[in-house]
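Visitor: Give the three-dimensional model of this entry:
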Amino acid sequence: MNLPIALQDLRVVNARITYRNAPIHILEKFTFKDLNNAHKTLLEKGELDECVIIQTCNRVEIYAVAREPDKQKLIEAWASVSGLSNEDFVNIIEFEKDNEVIYHLLKLASGLDSIVIGEDQVLGQVKRAFEFSLKNRYAGSYLSVAFDRAVKVGSKIRTNTGLNKGSVSIGSMAVNLAEEYLDDLKNKRIMLIGSGEGASLIAKSLKQRQVRFMVSSRTFERARSFAETVAGEPIPFENALEMFNDIDLIFVSTTAPYYLVTYNRIERARRTAEKGMMIFDLSNPRTVEETVATIKRVKLINIDQIAELVEKNRRSRKNEIQLAEMIIADEMKSLDKVLKRKKVDPTVVSIFRSVDNIRERELKKTLSILGNTLGQQEAKTIEQLSYAIVEGVLSTPMKNLRKEIELGNGNEEELVKTVSKLFKYEEKY
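Guide: Below you'll find the predicted structure:
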């Protein structure tokens with residue numbers, strides 16, 4: 001009788017494309033439109049045992065369990081679902097295995113891997129992604145342990161630290177400042193120019209406040225893709241320039257190598273304007289001409305001013321980040337033991353099942369030999385005795401096996417192999 005999944009065969013892997021390597025208009029190409037189909041294709045073509053997909057405007061991540069994880073097969077499966085080529089993934093995909101995956105998942109759920117450190121939204125996204133996979137049986141017991149712990153750690157860090165308090169990104173800080181100056185943003189006409197990482201943070205902050213805004217980019221396709229993925233009402237850039245006379249607040253966050261918002265454009269648009277205008281230039285290099293600040297009733301705030309405030313905020317949160325990392329480190333130790341036990345469980349279960357088959361076979365032989373000399377109660381007593389013997393013989397060595405695996409002295413694989421050989425009973429002997 002062959003034993004299932006050996007310790008060395010069960011691996012957890014993570015393949016991801018995030019804001020760190022891809023701007024939003026590029027990242028959008030790697031998203032899965034049909035999550036059910038994506039899971040099924042990845043499981044089949046990627047030769048995976050379990051799969052969870054986390055997909056947000058800033059990342060697409062695949063968490064999987066496989067006996068022999070193959071990066072190339074996983075990329076090919078991903079490419080086939082997204083309609084891309086394998087070459088599209090070069091220099092853009094990150095791939096990790098085992099403890100590195102678990103550590104990344106805990107950091108992700110805690111908000112330490114987000115653009116905005118400590119953000120709350122990602123915890124819900126992690127939870128919903130796992131619940132979807134579990135409900136549809138794409139995830140199993142191994143990922144269940146990892147994701148359950150990740151959600152609990154994320155909640156614990158937000159409860160026991162101040163990691164998620166206050167603004168820690170240039171985008172969110174700019175929206176906070178705009179709110180202080182202009183009071184109720186819901187009654188203002190707001191325009192966002194840009195479709196990259198910085199623009200996505202601004203859009204998130206506005207969306208969280210349920211504030212409507214227009215979004216424009218140098219190409220309308222980028223603006224439309226950004227609006228579909230993040231938020232906002234897309235408008236062509238040419239139209240945006242013509243609307244400056246009726247806009248209360250402009251956020252500019254692009255990588256253009258020239259001025260998009262010039263003195264002449266703003267001055268001409270504001271000649272007959274009765275209300276004021278606020279402009280945040282969060283681009284690097286700057287894309288709003290500095291002389292715009294001299295125009296009457298126009299207030300310009302640039303990225304350097306915001307960055308200084310953000311840095312003060314980050315310094316004040318340094319202790320909270322360190323505390324969060326300590327909580328994650330402690331959880332990693334605990335979770336490592338649980339997952340090691342999880343890996344050896346199939347072997348333990350199989351051994352008990354094999355021995356129980358022998359118990360049942362020998363019990364039937366014995367009862368057949370004794371025949372009518374036994375009453376019903378005596379036969380039941382002998383059966384209970386057979387169960388007790390199996391439990392008594394196996395419980396201590398199996399408990400010790402689990403303990404050795406948890407200690408992780410470096411010989412786990414050989415130990416499981418040896419135990420598997422010792423208990424590899426043939427169907428007939």
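Visitor: What ranges does this structure have for its strands?
Guide: For the chain, the strands defined by DSSP state E occupy 11-18, 50-56, 59-66, 94-97, 190-193, 214-216, 233-234, 249-252, 277-281, 298-302.
Visitor: which residues touch the shortest one?
Guide: This points to strand 233-234. 212-216, 220, 223-224, 226-227 (Cβ atoms under 8 Å, 6 or more residues apart in numbering). C-betas here are computed from N, CA, C, even on glycine.
Visitor: Could you work out the most separated pair of the residues you listed?
Guide: 212 and 220 (19.1 Å; Cβ to Cβ).
Visitor: returning to what we had before: among the contacts of strand 233-234, pick out the one closest to residue 285, please.
Guide: Using Cβ to Cβ, residue 216 comes nearest to residue 285 of the contacts of strand 233-234, at 19.2 Å.
Visitor: quick one: that closest one from residue 202, how far?
Guide: For residue 216, the distance to residue 202 equals 13 Å [Cβ to Cβ, to the nearest Å].
Visitor: anything in contact with each of the two?
Guide: Joint contacts of residue 216 and residue 202 (Cβ under 8 Å, 6+ apart) are residue 192.
Visitor: Break this structure into its domains for me.
Guide: For the chain, the structural domains run 7-165+317-339, 170-314, 344-422, going by automatic domain parsing.
Visitor: Make a markdown table out of those domains and add mean pLDDT and mean neighbour count.
Guide: Below are the domains of the chain laid out as a markdown table (pLDDT from 0 to 100; neighbours: other Cβ atoms under 10 Å):
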| stretch | mean pLDDT | mean neighbour count |
| --- | --- | --- |
| domain 7-165+317-339 | 89 | 18 |
| domain 170-314 | 89 | 18 |
| domain 344-422 | 83 | 14 |
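Visitor: residues contacting residue 367?
Guide: By Cβ under 8 Å, 6+ apart, residue 367 lies in contact with 374, 379, 382.
Visitor: Identify those among those that sit within helices.
Guide: Applying DSSP state H to the contacts of residue 367, the entries found in helices are 379, 382.
Visitor: Now render the strands of the chain as a markdown table, adding distance to residue 343.
Guide: Formatted as a markdown table, the strands of the chain follow (distance: least, Cβ to Cβ, whole Å):
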| stretch | distance to residue 343 |
| --- | --- |
| strand 11-18 | 9 |
| strand 50-56 | 13 |
| strand 59-66 | 10 |
| strand 94-97 | 14 |
| strand 190-193 | 48 |
| strand 214-216 | 47 |
| strand 233-234 | 49 |
| strand 249-252 | 49 |
| strand 277-281 | 51 |
| strand 298-302 | 54 |
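Visitor: Which one, of the ones you listed, ends up nearest to residue 154?
Guide: Going by Cβ to Cβ, the one of these nearest residue 154 is strand 50-56, 12.7 Å.
Visitor: residues in contact with that closest one?
Guide: 31-32, 35, 38-39, 42-43, 60-65, 108, 121-122, 125-126, 129-130, 133, 138-140, 142-143, 147.
Visitor: if you set the cut-off to 7 Å instead, what comes out?
Guide: The contact list for strand 50-56 (Cβ atoms under 7 Å, 6 or more residues apart in numbering) reads 31-32, 35, 38-39, 42-43, 61-65, 125-126, 129-130, 133, 138-140, 142-143, 147.
Visitor: just how off-centre is that strand within its chain?
Guide: The chain centroid and the centroid of strand 50-56 are separated by 7 Å under Cα atoms, centre = their mean, to the nearest Å.
Visitor: can you give me the helices in the stretch 201-350 of the chain?
Guide: For the stretch 201-350 of the chain, helices defined by DSSP state H, counting those that start in this stretch occupy the ranges 220-229, 237-242, 263-269, 303-316, 318-370.
Visitor: Can you name every helix or strand that the shortest one contacts?
Guide: Using 3 or more Cβ pairs under 7 Å, 6 or more residues apart in numbering; DSSP states H and E, no helix or strand is in contact with helix 237-242.
Visitor: wait, which of the contacts of strand 233-234 is closest to residue 112?
Guide: residue 226 (25.4 Å).
Visitor: quick one: the nearest residue to that closest one once chain neighbours are set aside from residue 243, how far?
Guide: Leaving aside its sequence neighbours, residue 226 sits nearest to residue 195 (Cβ to Cβ, 6 or more residues apart in numbering; 4.0 Å). Per Cβ to Cβ, residue 195 is found 18 Å from residue 243.
Visitor: doesn't residue 221 make contact with residue 236?
Guide: No: using Cβ atoms under 7 Å as the test, residue 236 is too far from residue 221 to be in contact (10.3 Å).
Visitor: For residue 250, give me its contacts.
Guide: Applying Cβ under 7 Å, 6+ apart, one finds that residue 250 lies in contact with 191, 193, 279.
Visitor: so how far is residue 93 from the last one?
Guide: Taking Cβ to Cβ as the measure, residue 279 and residue 93 are separated by 37 Å.
Visitor: For the residue nearest to residue 226, list the residues it contacts.
Guide: Residue 195 makes contact with 24-25, 217, 222-223, 226, according to Cβ under 7 Å, 6+ apart.
Visitor: Next: residue 235.
Guide: Counting by Cβ under 7 Å, 6+ apart, residue 235 touches 214, 216, 223.
Visitor: Name the nearest residue to the second one, ignoring sequence neighbours.
Guide: In space, residue 216 comes closest to residue 240 once its chain neighbours are excluded; the distance is 4.0 Å by Cβ to Cβ, 6+ apart.
Visitor: ok so, going back, the helices of the stretch 201-350 of the chain into CSV, with extra columns for distance to residue 82?
Guide: Below are those laid out as CSV (distance: least, Cβ to Cβ, whole Å):
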stretch, distance to residue 82
helix 220-229, 14
helix 237-242, 28
helix 263-269, 39
helix 303-316, 34
helix 318-370, 30
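Visitor: now the contacts of strand 233-234 in CSV, with distance to residue 182?
Guide: Output for the contacts of strand 233-234, formatted as CSV (distance: Cβ to Cβ, whole Å):
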residue, distance to residue 182
212, 14
213, 13
214, 16
215, 19
216, 20
220, 28
223, 24
224, 27
226, 23
227, 23
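Visitor: Nearest to residue 349 among these?
Guide: After measuring those against residue 349 - Cβ to Cβ - the closest member comes out as residue 226, at 49.9 Å.
Visitor: thinking again about what came up before, and the two most separated of the contacts of residue 195?
Guide: 24 and 223, at 11.0 Å, using Cβ to Cβ across the contacts of residue 195.
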